[in-house]
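> return a 3D structure for these sequence lines:
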Amino acid sequence: MTDNSSDQKVQMIDNFSTLPSGRNLYYLEFYNKDIQNNSANEIILFFHGSPGNRNYFTKQQTEIITKELTKENSKLQKFISIERSGFGNSTEHLEMTFLSYARDIKYFIEYELTKKIIQNKSEIKLSIVGYSAGGPFALACAYLFSSNHNDNDDTNKANNEINNDYKIINNEKRIILFNENEIKIELKSINILGGLSPRKLITDMSGMSIYNRFGYWLASYSFSVPLLKKIFEFDSQHFLKDSKKAILSDFSDCKEDLNLLQKEEEILNFFIQKTKEELIENKHYNTQSLETHLLSSEWGFELNKISKELKVNVFYGKKDSKCIVGMQQVLLKEISNVKSYEFENDGHLFYFIYLDKILDIILQ
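Okay, here's the model as predicted:
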């Protein structure tokens, strides 16, 4: 961080939550230690892209979060970025599903957020944000935390596990996640930034290369997981030979993304660093392979069962060649209470350019 006064007020704390299974989920918490604004009652919970970890921000994005936390009359109290199992320092979970991770987040909210992070009696509005591969996990939370399930749902086991803790307060049209010991947490919104949709629902694959379409299809089969692991191991060796060339090649299908990476060295170095951390240093090939398979196969929940009382914002780049417009169209069609924000001249990397504008919309 730089030495200006706003940066000195904001602390970034690394911590972890131990789940009932004994697994640890690490998270990075941004907060203003000098906050005196009683109206700052909103918390953002961020799910990173892949490969990635809890520190999924460029220096410029860190400065944007810091500025928001220290802004006069800001609504933002804390910004928390949490890892998925097997990324960063978090314990590997080779049986992870979208809904199992949503249940991990349920525990995090009930036991970590309310007992360690929120210190005083509060009424908190919580917004969950998922970028890229983090998007489906945010949608799983939207599904699990809302009440539009029925007894014949094939995910009824997951519904039983939440014991009907989460209720829609019908007369207020609010989803209350927690209400004990003078702490109330309301789920305000789910926000998807360049996310994916279930493969079986996509009718328009335009914008995605033939190579990526084949990979997307192949990854949907369970037998592909060990093969994907070998591919990631091979790609890692290619990355070691010329990391810059490897990253630029990965984004070569979208000229807008490619031009941005060639122009903004900070963003290019970010992807080099995240790939190095996750695939070279930590060798998270198992987790990367499993997650790629999850994203391409059956999700285990239905988007149209997400409660109409829950606001879902979908942000996307019109030129995105990874999470294509056809995926966003599925989200807009299947989810009841949804609003879209299109970045007309941008690809998948719009998140790295417009985080300030995205935060403004989430905190409205």
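
> run a quick neighbour tally on residue 95.
Residue 95 has 7 neighbours, counted by other C-beta atoms under 10 Å. C-beta coordinates here come from the backbone N, C-alpha and C atoms, glycine included.

> measure stretch 231-249 end to end?
Using C-alpha to C-alpha, to the nearest Å, one end of stretch 231-249 lies 16 Å from the other.

> tell me the mean pLDDT for that stretch?
Confidence over stretch 231-249 (mean pLDDT, whole number) is 95.

> how about stretch 210-217?
Rounded mean pLDDT across stretch 210-217 is 92.

> run through who's touching that stretch.
199, 205, 208, 253, 296, 321-322 (C-beta atoms under 8 Å, 6 or more residues apart in numbering).

> between the residues you listed, identify the one with the most neighbours.
For the contacts of stretch 210-217, neighbours tallied by other C-beta under 10 Å; top is residue 322, 24 neighbours.

> quick one, phi psi at it?
Main-chain dihedrals, residue 322, degrees, to the nearest 10: phi -100, psi -60.

> can you give me the strands for the stretch 151-300 of the chain?
167-169, 174-180, 183-193 (DSSP state E, counting those that start in this stretch).

> show me what the second one is packed against.
Helices and strands in packing contact with strand 174-180 are listed as strand 167-169, strand 183-193; criterion 3 or more C-beta pairs under 8 Å, 6 or more residues apart in numbering; DSSP states H and E.

> and the angle for the longest one with strand 174-180?
In this case it means strand 183-193. Computed by axes from the mean of the first three to the mean of the last three C-alpha atoms, to 10 degrees, the angle separating strand 183-193 from strand 174-180 equals 140 degrees.

> chain center to the longest helix along the chain: distance?
In the chain, taking DSSP state H as the definition, the longest helix is helix 224-241. Its chain's C-alpha centre and that of helix 224-241 lie 24 Å apart, by C-alpha atoms, centre = their mean, to the nearest Å.

> and it, what does it pack onto?
helix 243-250, helix 285-296.

> so after the longest one, what's the next helix or strand?
Yep, that's helix 285-296 we're talking about. As assigned by DSSP states H and E, the chain's next helix or strand after helix 285-296 is strand 311-317.

> go ahead and confirm residue 74 touches residue 40.
Yes: Residue 74 is within contact range of residue 40, at 5.9 Å (criterion: C-beta atoms under 8 Å).

> how about the contacts made by residue 218?
Contacts of residue 218 by C-beta under 8 Å, 6+ apart are 224, 227, 296.

> at 6 Å instead, please
Shown in contact with residue 218 (C-beta atoms under 6 Å, 6 or more residues apart in numbering): residue 224.

> measure it to residue 285 for me?
Applying C-beta to C-beta, to the nearest Å, the value for residue 218 to residue 285 is 16 Å.

> repeat for residue 301
Distance from residue 301 to residue 285, counting by C-beta to C-beta: 27 Å.

> more neighbours, the two?
Under the criterion of other C-beta under 10 Å, the comparison of residue 301 against residue 285 puts residue 301 first, with 25 against 20.

> which residue is the nearest non-sequential neighbour of that one?
If you skip the residues right next to it in sequence, residue 301 has residue 143 as its closest partner in space, 4.4 Å away by C-beta to C-beta, 6 or more residues apart in numbering.

> the host helix or strand of the one you found - contacts with which helices or strands?
Secondary structure from DSSP H and E places residue 143 in helix 134-144. Packing contacts for helix 134-144, counted by 3 or more C-beta pairs under 6 Å, 6 or more residues apart in numbering; DSSP states H and E, involve strand 42-47, helix 98-107, strand 122-131, strand 183-193.
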